[in-house]
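Student: here are the coordinates; sequence isn't available:
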Ligand SMILES: Nc1ncnc2c1ncn2[C@@H]1O[C@H](COP(=O)(O)OP(=O)(O)OP(=O)(O)O)[C@@H](O)[C@H]1O
Ligand SMILES: [Mg+2]
């Protein structure tokens, strides 16, 4: 009846399955690309290493070795989707990890120590969130302050590593739930749970959708959305994830160490971006970040299998990042170019 | 002056003595505003008069410096749109405020998503969104991303969004600026229905026809001050205009219509497009523009007007046809080429493609000249003279070149955009909906300026939903429908009704 309807009808007739997909789901393409890269890596390594790579053991240890990174990447995805960034996650992981080790060494029970360190992580996140939201500080700067603060606190707790002997913590790491040659540790389960919970929250809660809205529209507050609350909350979530990663890393290495996780924030950001989350905000998926973490972990494993320098991991990740950012730009530009009706 | 609430219905909103100042600007000065149940109330005033600011004061976006706001008799202090929504005030702001990264359906329902068992019920989200959109007469794939849709659809999505809340007060700040007649009618049907159910509606528009069609009452603002509140039936149009601009507007009718001007079409046209099209977007179309000619493009929204000029400008790539400029073939594969060949394009989408909100007014205006010059800086004196010439010609207010463009009122931002392209002194200027959101007085100024420039040899392609404007300015009118060009008219031989008829009926028998 109106012109708009006619226009809609004609475009619908002309669109095939591909166009419908592009008009609805263009933003998932970078994530699919990450999945493709992951498969390529596996197949490539399998051929290169003559069938020695895709083994249950290898794949199982991929999750185990990168559990802490996965948890950090999940928290970071929330932040990046709002268009922010959190550089503090590596330091928060170090601080909470060493503090946890110290509390446990001092005889505090895990039931008290764990909530305490998670709260500490949350508070660092809260600080960053409040600076960003209410004092208009750039997320980069605010979280850089968080980075220094948490790193400093880690050294205040201890200058050297503290061994953990608490049975429950060691259990997290040493228990292997086996299925044939496959296994998973409680840390791995924890990381997967965090990832799936994160994905669920982003997809199925108003809070999660608000993070996308904030990333897509600087003026989202005018839509009546709870922007302030949500912005602060994503940094708090990232801080809590930092705390959980601290627990996992402490369990993994059997000790807390104040120099842990230097530069890990950058690995986590790289994983998130490779997984298809756009740094400018508004587009991305938690499960994409999971794929990104696996891509990162797989490259690392391949390099060590080939006996090459680990610095090659960084070079390859760097190159991948570049390619991905360019691809993302292209996709975003394409989907932003409106086919006006 | 002060108002008294004296009608049958008690006011639902009472704003008294509202004063808001921004650095250097007194945006509202002791303004009273009453809104009653079951009425459509138009806020009228020139660009920058303070209409949007008054609305933002009501919804808590701006805190008031002084004054009080009562909602149903109780004093209210909102701290933002979400507070206002909770109190039953639903608002569509002037600048379309949606998330282009999300789906159409989600944009409609965002913040009000139906939930089932603690999780968002996406099926229901899209079903409800489709219903709300249907109410405004549009049926589109609610799962498609908003970024795939035109400004008109986005505006309708924004309005649908406001309908989700069963609001006591509905605020519409220039909701119809991108809509065509059919869509406006549909919207009015919805508004009438809401009014009948007792809702109070604030309706802001620069289209006087629309105001006289839908509004019951008018409040006029001028320079941030209240001029008065009137019943529509007591306020003839000319008086309204006089109250808005503080002087008589007799020059609007007096602009010598440029439509009559004879154009010399013997030389090669400035722009000659043959069979330019793009699959799924526009069927191949021809268009010639001669020296000093104004060619209008008329048609409903979605008819392919914008698509055509975007192909000419290289903003989108044509996959058929060719373009010649002054007799020589021209490749238009990017806006860069078009700019180099002296084509300027003022987009209809000022927020996404136009104004740089963080730069000053002056910087925004010289941006176009600078882009043509490349890296060499435009001389300061030249900049200053251009800026002051066009700020005066288009009456940009406040007349402060250093003001941040994002802080200008919507209409004044539009003027800055036009000034930018006029200032580049192009061979061919493409204006896509240039008078969108511009007040009556300035519309006349703008038309005068375009007419004057075309007399000096500038060629213009002029797109507007306001057909009167097209008829007055253009010598030739290309009519588009359903993404193809359906005819070319000599505007001297058509009046408004004739043109509307041609657009609707493919000019059966009446073609020139
Ligand atoms: N955030 C701001 N900072 C500074 N000045 C502002 C701001 N918002 C509005 N103004 C100024 O307040 C005045 C009123 O602006 P407002 O947007 O209310 O006008 P309007 O009546 O809605 O005009 P239009 O018809 O163009 O939309 C203008 O002079 C404008 O420049
Ligand atoms: Mg306004």
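Tutor: On my side now, so go ahead. These numbers come from a predicted model, not from an experiment. Ligands and ions are numbered 1, 2, ... in the order given.
Student: switch to C-alpha atoms for all contacts and neighbour counts from now on
Tutor: Fine.
Student: end-to-end on stretch B:198-206?
Tutor: One end of stretch B:198-206 to the other measures 25 Å (Cα to Cα, to the nearest Å).
Student: can it be found next to ligand 1?
Tutor: No: Stretch B:198-206 lies apart from ligand 1 when judged by Cα under 6 Å from any ligand atom; the minimum separation is 7.3 Å.
Student: contacts for that stretch?
Tutor: B:12, B:35-44, B:51, B:167-177, B:191, B:195, B:211, B:215, B:437-440 (Cα atoms under 8 Å, 6 or more residues apart in numbering or on different chains).
Student: just the strands in the stretch 301-450 of chain B please.
Tutor: Taking DSSP state E, counting those that start in this stretch as the criterion, the stretch 301-450 of chain B carries its strands at B:320-325, B:328-330, B:343-346, B:428-432.
Student: residues from chain B in reach of ligand 1?
Tutor: Counting by Cα under 6 Å from any ligand atom, the residues of chain B near ligand 1 are B:22, B:27, B:45-53, B:398, B:407-412.
Student: just the buried ones among those, please.
Tutor: Burial by neighbour count, 16 or more other Cα atoms under 10 Å in any protein chain shown: within the residues of chain B next to ligand 1 this picks out B:27, B:45-53, B:408-412.
Student: tell me, what residue is most central in the chain?
Tutor: I'll assume chain A. Centroid-nearest residue in chain A, with Cα atoms, centre = their mean: residue A:73, separated by 1.1 Å.
Student: try chain B instead
Tutor: Mean-position check on chain B, Cα atoms, centre = their mean. Result residue B:436 at 2.9 Å.
Student: residues in contact with it?
Tutor: Counting by Cα under 8 Å, 6+ apart, residue B:436 has contacts B:177, B:178, B:348, B:411, B:414.
Student: list just the nearest of those to ligand 1.
Tutor: Checking the contacts of residue B:436 against ligand 1 by Cα to the nearest ligand atom gives residue B:411 as the nearest, at 3.3 Å.
Student: need the contact list for that closest one.
Tutor: Here residue B:411 is in contact with B:47, B:48, B:436, B:437, B:438, B:439 (Cα under 8 Å, 6+ apart).
Student: how about a cut-off of 10 Å?
Tutor: Residues near residue B:411 by Cα atoms under 10 Å, 6 or more residues apart in numbering or on different chains: B:46-48, B:94, B:206, B:396-397, B:435-439, B:442.
Student: okay, buried residues for stretch B:483-498 please.
Tutor: B:483, B:484, B:485, B:486, B:487, B:488, B:489, B:490, B:491, B:494.
Student: next one: stretch A:298-311
Tutor: For stretch A:298-311, using 16+ other Cα under 10 Å, the buried residues are A:298, A:299, A:300, A:301, A:302, A:303.
Student: redo these as JSON lines? Include pLDDT and secondary structure.
Tutor: Formatted as JSON lines, the buried residues of stretch A:298-311 follow (pLDDT from 0 to 100; DSSP: H, G, I helix; E, B strand; the rest coil):
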{"residue": "A:298", "pLDDT": "92", "secondary structure": "helix"}
{"residue": "A:299", "pLDDT": "91", "secondary structure": "helix"}
{"residue": "A:300", "pLDDT": "89", "secondary structure": "helix"}
{"residue": "A:301", "pLDDT": "89", "secondary structure": "helix"}
{"residue": "A:302", "pLDDT": "88", "secondary structure": "helix"}
{"residue": "A:303", "pLDDT": "87", "secondary structure": "helix"}
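Student: dump those residues into JSON lines; add distance to residue B:111 as well.
Tutor: Output for these, formatted as JSON lines (distance: Cα to Cα, whole Å):
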{"residue": "A:298", "distance to residue B:111": "39"}
{"residue": "A:299", "distance to residue B:111": "41"}
{"residue": "A:300", "distance to residue B:111": "42"}
{"residue": "A:301", "distance to residue B:111": "44"}
{"residue": "A:302", "distance to residue B:111": "45"}
{"residue": "A:303", "distance to residue B:111": "47"}
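Student: of all the residues you listed, which two lie farthest apart?
Tutor: A:298 and A:303 (8.5 Å; Cα to Cα).
Student: okay, and the common contacts of those two?
Tutor: A:45, A:313.
Student: rounded mean pLDDT for stretch B:323-332, please.
Tutor: Mean per-residue pLDDT for stretch B:323-332: 84.
Student: residue contacts, residue 217?
Tutor: In the absence of a named chain, this looks at chain A. Residue A:217 touches A:82, A:83, A:223, A:281, A:282, B:97, B:98, B:99, B:100, B:101, counting by Cα under 10 Å, 6+ apart.
Student: let's do chain B instead
Tutor: Neighbours of residue B:217 in contact, by Cα under 10 Å, 6+ apart: B:35-36, B:39-43, B:202, B:211, B:229-235.
Student: so which residues on the stretch 151-300 of chain A come close to chain B?
Tutor: A:200-201, A:203-207, A:209-210, A:212-227, A:281-283 (Cα under 10 Å from any Cα of the partner chain).
Student: show me the shaky parts of chain B.
Tutor: B:1-9, B:248-259, B:350-352, B:375, B:506-512 (pLDDT under 70).
Student: domains in it, by residue range?
Tutor: According to automatic domain parsing, chain B comprises the domains B:11-250, B:255-342+B:427-512, B:351-425.
Student: can you check which of those domains gets nearest to residue A:144?
Tutor: Nearest to residue A:144, of the domains of chain B and by Cα to Cα, is domain B:351-425 at 25.6 Å.
Student: so residue A:257 versus residue A:151, what's the distance?
Tutor: 11 Å.
Student: common neighbours of the two, please.
Tutor: A:94, A:95, A:96.
Student: run a quick neighbour tally on the last one.
Tutor: As a burial measure, the neighbour count of residue A:96 was computed by other Cα atoms under 10 Å in any protein chain shown and equals 37.
Student: that one contacts residue A:259, correct?
Tutor: No: the criterion here is Cα atoms under 10 Å, and residue A:96 misses it with residue A:259 at 11.9 Å.
Student: joint contacts of these two?
Tutor: A:151, A:154.
Student: neighbours of the residue of the stretch 151-300 of chain B found nearest chain A, how many?
Tutor: Proximity of the stretch 151-300 of chain B to chain A (Cα to the nearest Cα) peaks at residue B:182, 5.5 Å away. If you count neighbours by other Cα under 10 Å, residue B:182 ends up with 16.
Student: with the one 5 residues further on instead?
Tutor: Look at residue B:187: counted by other Cα under 10 Å, it has 21 neighbours.
Student: where in the stretch 1-150 of chain A is pLDDT low?
Tutor: If you take pLDDT under 70 as the line, the stretch 1-150 of chain A has these spans: A:1-15.
Student: let's go with 80 and repeat that
Tutor: A:1-23, A:26-27, A:51 (pLDDT under 80).
Student: how far away is the residue of it at minimum distance from chain B from residue A:288?
Tutor: Using Cα to the nearest Cα, the single residue of the stretch 1-150 of chain A nearest to chain B is residue A:24, 4.1 Å away. Separation of residue A:24 from residue A:288 (Cα to Cα): 17 Å.
Student: the two: which has the busier surroundings?
Tutor: residue A:288 (29 against 22).
Student: helices or strands up against whichever strand or helix holds that one?
Tutor: Using DSSP states H and E, residue A:288 sits within helix A:286-305. Contact analysis of helix A:286-305 by 3 or more Cα pairs under 10 Å, 6 or more residues apart in numbering or on different chains; DSSP states H and E lists helix A:29-48, helix A:56-81, helix A:186-204, helix A:264-274, helix A:311-336 as its packing neighbours.
Student: and stretch B:180-190, which residues are buried?
Tutor: By neighbour count on 16+ other Cα under 10 Å, the buried set for stretch B:180-190 is B:180, B:181, B:182, B:183, B:184, B:185, B:187, B:188.
Student: the third one sits in which helix or strand?
Tutor: Right, residue B:182. helix B:181-196.
Student: packing partners for that helix?
Tutor: On the basis of 3+ Cα pairs under 10 Å, 6+ apart, helix B:181-196 makes packing contacts with helix A:3-14, strand B:40-44, helix B:122-135, helix B:151-164, strand B:169-173, strand B:200-204, helix B:208-214.
Student: list the neighbouring strands of the second one plus their orientation.
Tutor: By that I understand strand B:40-44. strand B:200-204 (parallel), strand B:217-222 (parallel) (DSSP bridges).
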